[in-house]
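Colleague: Generate coordinates for the sequence data below:
(chains A, B and C)
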Amino acid sequence: MSSILITSILVLSLLGLTLAVVLYLTAQKFKIIEDPRIEQVEAVLPGANCGGCGYPGCHGFAEAFVKADDITSFFCPVGGNVTMANAAKVIGKTAETKDPMVAVVRCSGSPEHRKRIAEYEGAPSCKLATALYSGDTACQYGCLGLGDCVAVCQFDAIYIDPVTLLPVVNEDKCTGCGACVKACPKSIIELRKKGPKGKRIYVSCINKDKGGPARKACDVACIGCGKCVKVCPHEAITLENNLAYIDYNKCKLCRKCVEECPTGAILEINFPLRKQKVEGQIESTETL
Amino acid sequence: MLKTFAKGGVHPPENKLSANRPIETLPLPARVSIPVSQHIGAPATILVAKGDKVKVGQLIAQSAGFVSANIHSSVSGTVESVDVVLDSSGYKRPAITIVVEGDEWDSSIDRTPDIKTEINLSAQEIIKKITDAGIVGMGGATFPSHVKLSVPTGKKADVLIINGVECEPYLTSDHRLMLEKGHELMVGIQMLMRALNVDRAMIGVENNKPDAIKYLTEISSSYKGISVHALKVKYPQGGEKQLIKALINREVPSGGLPIDVGAVVHNVGTAFAVYEAVQKNKPLFERVVTVTGKNLAKPSNFLVRIGTPVSELISAAGGIPTDTAKVVNGGPMMGKAVVDVNVPVTKGTSGVIVFPATESKRKTESVCIRCAKCVSVCPMGLEPYLLTRMSQRMMFENMEHERVLDCIECGSCSFTCPANLPLLDYIRLGKSEVNKIVRARKN
Amino acid sequence: MDNKFVVSLSPHVHSGESTSRLMFNVVLALTPAFAVSLYYFGLGALVVTLLAVLSCVLFEYLIQKFILKVTPTITDGSAIVTGLLLAFNVPSNLPWYIVVVGSLFAIGVAKMSFGGLGSNPFNPALAARVFMLISFPVQMTSWPLPIESRLKYIDAVTGPTPLSILKEELKKGETISQISDQIPTHMQMFMGLMGGSLGEIAAFALLIGFVWLLYKKVITWHIPITIFTTIFVFTGILWLINPEKNADPIFHLVTGGVMIGAIFMATDYVTSPMHPKGMIIFGLGIGLLTVIIRVWGAYPEGVSFAILIMNAFVPLINRYVKPKRFGEEVKRNG
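Modeller: Predicted coordinates for the structure are as follows:
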């Protein structure tokens, strides 16, 4: 009985030992020597592997980052300036600070503003729907609401509002990685500067039709009237193809254009509520 | 045993409601909108401007490159606008809108009814005429015909295959054309044969059109090199690759073209258009369109001028039924649902089908039970269930490896799925992504 | 037009085939075997079958509604089929609580815990059968005698199956000719006159079901025919080598669970390969394993084990055995 026990133990130990040696030798032979800094850089990165930096995952970024001479073009949108500073410290360089970005959905065409003329049926994919038609409304630029942006978001920062049928970005969760921007077949989503305390102003429409058809298709469309361009004191607004665009680097958040827009296509986000009447506002300033 | 293709296939209910209705000429509409992109390839360059007077058959948009096609006016009248118009692609695209005034044809067109059988043009001259007439594949693919006729150097065609299969349910336009324009068709085929320098042509017709098979067989004896072949009824027999397999038992290689196996395939509608273009000098500005639907009062086959709004066709067929919830441009298996009935008829419109509400919606999806029916019906030997899963998980590289690009989008998988899964939807999605990847790799 | 059109990509028509219709056809195909079972086992067959079907459907409903919190999909009929197959694979005198526990295992463990219909790697009815066989070996291997037990349930008169007779006697050193009087004739066995699980006995009734399934295109011939052929050829060879120690191939085909296993269990959509080439490999494996277990294994019967083992290989088969693509051969030659 005991002899069986001893043989078993011996055979198994021998087997284990031999295999261990084989494993060790193989590991030595096929060892890949990697710059240790790559691992260090990767350690300070968020590890989301979202691809928002333009590299395949965080490891890809770290590899390229360590090899690069000039690191100005590198930016991890998820980790932001803090992460970049840490990563630069690892390789003994300093990173430029960049403004944090956030995704904005440039369409306000909820069913109440934009009449549906057809009913889509099929796999829930905006990309697929674009192969079929320009959209279920008379606006051929607007949001299809099938959620390709939601599907690609790794941070759970975007969802389709069940009432407006439009995507809503949760700006606390949004890292500005740009995955939704790439996923949107209509190019409705744009990365914009998050702004001080999240304050930002943008044209929430990308309709390039002339005023008439645009207005007919959607109540809150940009009709290309150009009033905002005239009223802007900072020359931040340009008008091209019947569509106004606000340059977020030039915009000083004065909100004049918001008041001027006849269709309400320009949105202001995270500003305190305005007083109801213009007269009231003047009065209040006077009392101050 | 009747010939057919080997792999897969389905048997959708035929519903050929308009098979016995002769082709009628549709009265001229009040205005037509002629899109300048009715074919695969570059949109044609517009030659007219607002206010111009045009005649029937006048060139109004010029082919913009080799893979492109001329567009001719289908009516006489005044150009009302050159603007974007919603067409059957579902997008607003450039089109020429003409207000109809009278019916004045270009003087070069031979409008006599006699059939001209003698061919005294060379291959080059025939191809030139086909190019000028703006002829594209009339089966629905709308690939410019002259491109198919210009055999690349190093390759040789030995057989011309004429597609008279019409395997799509409901559609009967090719069927009627074969019955009513048999001799014109034969002459057209002979011209295509000369253009390709081949000495035999095979017409494939599915066995559900015995009258057309009988008639064509009868008259084909007086035309050299043309034979008619009855084929077993099975969808998608009219797919180019399936038809070649059925008739001459050659398999077009993956990623290849019919010319790689020495065959060129043309639709019967195209052959008829070639006859008219070459013998009668008549450019392609009208075509036969089937207007059908179970609740439609009078399912019909109309000879329609290109650019006529689809709504005109439906009213001529008895008006749009009140319970209509879907209008499809093309056949039920591969056609496209339209948003609006005012989209214009184009060169590729083979049919318009009006579906009642009860048949418009897909049934509720359930889970895949791995019944493998999609695999067994796929005529290309693919695995639709697998491709769908990969597409849902965005595994596009794997999809390429599983040969998603071979998919001919025939719809057999979605048709047969007991779980009502939109298999083809997902496969299409993956296919477009894979195409993008492949293109990016080439650049 | 004021009303909105439905827009969708092609195809715009559907075959009308549905999961519930497929399952309904399987149930129909099982009815001849059930009728035969009622004829031979009477009350017991009725009680066990009803109990298994009801508890399978109920468990599926309860699990989906209260544990998974999804809309119950019992209308697709898959639980009914599982229940029927489970009942068909147990003796007709099986106590009610074992049937219920088996159903719970089939639905709860073998099916739902893997994600429900379409995701289970193993055939639920078979997994439950093996579970019961291991947990309740005595009850699961006491086979009521046909006809005599017609009006009895738990108290049925039991006896051995032809396969267990074969196994026991051969072990004792007897030869086939010596035990031939203990074994029913081939014709009797074909008609189902022998001990066994309540639905597996009547080969002819199961074959009627097979024809129905083929006619309705619910299944293809590949799996069952490959299994039959493999078993026939393999046992045939053994029989030719030594007819005194090995039973003839017809005996192997009509006894035990070969018929029900090959026609109804191995062809289960979810747990079988997706295309003909794979199906043939799958069938070949089942056939070989069945014979190996029957001839050299400890158990007299091996169909359930063989199918479960091959179920485990299905993902591998699907992955490495691909259907022939259109245009593939030409490319290789060129």
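Colleague: Please, which helix or strand holds A:Gly16?
Modeller: Under the criterion of DSSP states H and E, A:Gly16 resides in helix A:2-29.
Colleague: now that helix: mean pLDDT?
Modeller: Helix A:2-29 carries an average pLDDT of 92.
Colleague: Let me know the secondary structure of the residue of the stretch 101-250 of chain C found nearest chain A.
Modeller: In the stretch 101-250 of chain C, the residue that lies nearest chain A is C:Gly118 (17.7 Å; C-beta to the nearest C-beta). For glycine as for every other residue, the C-beta is placed from the backbone atoms N, C-alpha and C. The three-state label for C:Gly118, taken from DSSP: H, G, I helix; E, B strand; the rest coil, comes out as coil.
Colleague: With adjacent residues omitted, what lies nearest to it?
Modeller: Leaving aside its chain neighbours, C:Gly118 sits nearest to B:Val367 (4.4 Å; criterion: C-beta to C-beta, 6 or more residues apart in numbering or on different chains).
Colleague: repeat for B:Thr324
Modeller: Closest to B:Thr324 by C-beta to C-beta, 6+ apart is B:Val354, at 5.2 Å.
Colleague: now do B:Arg194
Modeller: In space, and not counting its chain neighbours, B:Arg194 is closest to B:Ala123: 5.6 Å by C-beta to C-beta, 6+ apart.
Colleague: Can you tell me how far that neighbour is from chain C?
Modeller: Separation of B:Ala123 from chain C (C-beta to the nearest C-beta, to the nearest Å) stands at 27 Å.
Colleague: That residue contacts B:Ala195, doesn't it?
Modeller: Yes. The pair B:Ala123 / B:Ala195 is scored as a contact, 4.9 Å apart, by C-beta atoms under 8 Å.
Colleague: Neighbour count for those two, which is higher?
Modeller: Remark: of B:Ala123 and B:Ala195, B:Ala195 carries more neighbours, 29 against 14, as counted by other C-beta atoms under 10 Å in any protein chain shown.
Colleague: circling back: buried sites along the helix holding A:Gly16?
Modeller: By neighbour count on 16 or more other C-beta atoms under 10 Å in any protein chain shown, the buried set for helix A:2-29 is empty.
Colleague: Residues contacting the next helix or strand after that helix, please?
Modeller: Downstream of helix A:2-29, the next assigned helix or strand under DSSP H and E is helix A:36-44. Contact partners of helix A:36-44, identified using C-beta atoms under 8 Å, 6 or more residues apart in numbering or on different chains, comprise A:58-59, A:61-63, A:65-66, A:79, A:83, A:86-87, A:90-91.
Colleague: wait, does the helix or strand that helix A:36-44 is followed by contact chain B?
Modeller: Downstream of helix A:36-44, the first helix or strand assigned by DSSP H and E is helix A:57-67. No. Helix A:57-67 lies out of reach of chain B by C-beta under 8 Å from any C-beta of the partner chain, never closer than 15.0 Å.
Colleague: then stretch C:88-98 to CSV, C-alphas only?
Modeller: Extracted C-alpha coordinates of stretch C:88-98, given in CSV (Å, rounded to 0.1, in the frame of the first residue of the first chain):
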residue,chain,number,x,y,z
PHE,C,88,-40.1,9.5,-22.4
ASN,C,89,-36.7,8.8,-20.9
VAL,C,90,-37.8,7.5,-17.5
PRO,C,91,-39.6,4.3,-16.4
SER,C,92,-43.4,4.6,-16.1
ASN,C,93,-43.3,3.7,-12.4
LEU,C,94,-41.1,6.6,-11.4
PRO,C,95,-42.3,8.2,-8.2
TRP,C,96,-43.9,11.6,-8.7
TYR,C,97,-41.3,13.5,-6.6
ILE,C,98,-38.4,12.2,-8.7
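Colleague: how far is it from where the chain is centred?
Modeller: Computed by C-alpha atoms, centre = their mean, to the nearest Å, the separation of stretch C:88-98 from the middle of its chain amounts to 16 Å.
Colleague: mind listing what's buried in that stretch?
Modeller: In terms of neighbour count (16+ other C-beta under 10 Å), stretch C:88-98 has its buried residues at C:88-94, C:98.
Colleague: neighbours of the residue in the stretch 301-443 of chain B that chain C sits nearest to, just the number please.
Modeller: With C-beta to the nearest C-beta, the shortest gap between the stretch 301-443 of chain B and chain C falls at B:Gly411, namely 3.3 Å. The tally of other residues near B:Gly411 (other C-beta under 10 Å) stands at 27.
Colleague: Find the nearest non-adjacent residue to it, please.
Modeller: Leaving aside its sequence neighbours, B:Gly411 sits nearest to C:Pro11 (C-beta to C-beta, 6+ apart; 3.3 Å).
Colleague: And the one you found, its phi and psi?
Modeller: Reported as degrees, to the nearest 10, the phi and psi values for C:Pro11 are phi -80, psi 150.
Colleague: That one: what's it in contact with?
Modeller: When contacts are counted by C-beta under 8 Å, 6+ apart, C:Pro11 is found next to B:332-334, B:411, B:414-415, B:424.
Colleague: how about 6 Å then?
Modeller: Counting by C-beta atoms under 6 Å, 6 or more residues apart in numbering or on different chains, C:Pro11 makes contact with B:333, B:411, B:414-415.
Colleague: Out of those residues, give me the one that has the most neighbours.
Modeller: Highest neighbour count within the contacts of C:Pro11, by other C-beta under 10 Å: B:Ser414, with 29 neighbours.
Colleague: where's the residue nearest to B:Gly411 relative to C:Glu200, distance?
Modeller: Using C-beta to C-beta, to the nearest Å, we find C:Pro11 at a distance of 41 Å from C:Glu200.
Colleague: cool, B:Leu160 as well?
Modeller: In this view, B:Leu160 and C:Glu200 are 59 Å apart by C-beta to C-beta.
Colleague: Wait, a helix at C:Ala298?
Modeller: No. The assignment for C:Ala298, made by three-state DSSP, is coil rather than a helix.
Colleague: since we're on it, how many residues are nearby?
Modeller: The burial count for C:Ala298: 7, using other C-beta under 10 Å.
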